[in-house]
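**Q** I need the structure of the sequence given here:
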Amino acid sequence: MKFIQFLKSKTFLIQIGLAVVGLLLFIFLLQWWLGFTTNHDQKIQVPDLNKMGLFEVEKKLEELNLTYEIIDSASYNPDFPKKSVIEQTPEAGDFVKEKRKIYLTLNPSKYKDVAIPDLNGKTKRQAITHLRSIGFSVGENFTYVPDIGKDVVRGLKHKGKQIGLGDKLPKKSVIDLILGDGNGN
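**A** Prediction:
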């Protein structure tokens, strides 16, 4: 019975009122403080950095009080200048706050080097398919050597020089096949 009387008392109702007012005041102050410290109304539009070199990027972002970080180089893209921006996050046109990092992906200076596989004894068709699947181009200049196997790979050439197993060439390099003529012993 005393508990119910306490709930109806003037002291308890005043305490509840003070708690509610204190909570509302705390929420209002917290919201004001967060808006002030997080620069809530500030917006900087991210510029388009595609095809720009690092020097230009640094200068442009410094003007806007933004920073950058290079994530990784992508696969070489001949449509973009070497060492230029291929991708950026956040994208051009997005809005950010000052001192935000823009993450950049750069175009490498050349295609990635790929090791030459062992194609000796494979058919011309198998060799062409394999070379194309790992990123090489196959030339139309076939060299024939005396061999019992017709159209069997007996070697590979790049720019007139013979290449062997484990040598490395950039992707998209043109490789010419040395094939057996089918007339040898």
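**Q** element containing residue 69, please.
**A** Taking DSSP states H and E as the criterion, residue 69 maps to strand 67-73.
**Q** Summarise which helices and strands that strand is packed against.
**A** helix 54-63, strand 101-106 (3 or more C-beta pairs under 8 Å, 6 or more residues apart in numbering; DSSP states H and E). (C-beta placed from N, C-alpha, C; glycine too.)
**Q** 6 Å instead, please
**A** strand 101-106 (3 or more C-beta pairs under 6 Å, 6 or more residues apart in numbering; DSSP states H and E).
**Q** now could you export just the CA positions of the strand it packs on as CSV?
**A** Extracted in CSV, the C-alpha atoms of strand 101-106 (Å, rounded to 0.1, in the frame of the first residue of the first chain):
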residue,chain,number,x,y,z
LYS,A,101,40.3,9.7,-48.7
ILE,A,102,39.7,9.0,-52.3
TYR,A,103,40.7,5.4,-53.2
LEU,A,104,42.4,5.2,-56.6
THR,A,105,43.2,2.3,-59.0
LEU,A,106,46.0,3.0,-61.4
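**Q** which outside residues touch that strand?
**A** 66-71, 73-74, 83, 85-89 (C-beta atoms under 6 Å, 6 or more residues apart in numbering).
**Q** I'd like to check the angle between that strand and helix 54-63, please.
**A** 170 degrees (axes from the mean of the first three to the mean of the last three C-alpha atoms, to 10 degrees).
**Q** just to revisit the earlier point, pLDDT averaged over the strand holding residue 69, what's the number?
**A** The pLDDT scores in strand 67-73 average 83.
**Q** Please state the offset of it from the chain centre?
**A** 9 Å (C-alpha atoms, centre = their mean, to the nearest Å).
**Q** Buried residues, that strand. List them.
**A** Neighbour-count burial for strand 67-73 flags residue 68 (criterion: 16 or more other C-beta atoms under 10 Å).
**Q** angle of that strand against strand 101-106?
**A** 30 degrees.
**Q** Tell me which residues are up against strand 67-73.
**A** By C-beta under 6 Å, 6+ apart, strand 67-73 touches 61, 101-106, 108.
**Q** okay if I get those as a markdown table plus pLDDT and distance to residue 156?
**A** Shown next, in a markdown table, are the contacts of strand 67-73 (pLDDT from 0 to 100; distance: C-beta to C-beta, whole Å):
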| residue | pLDDT | distance to residue 156 |
| --- | --- | --- |
| 61 | 89 | 46 |
| 101 | 90 | 46 |
| 102 | 91 | 44 |
| 103 | 92 | 40 |
| 104 | 91 | 37 |
| 105 | 88 | 33 |
| 106 | 87 | 32 |
| 108 | 84 | 25 |
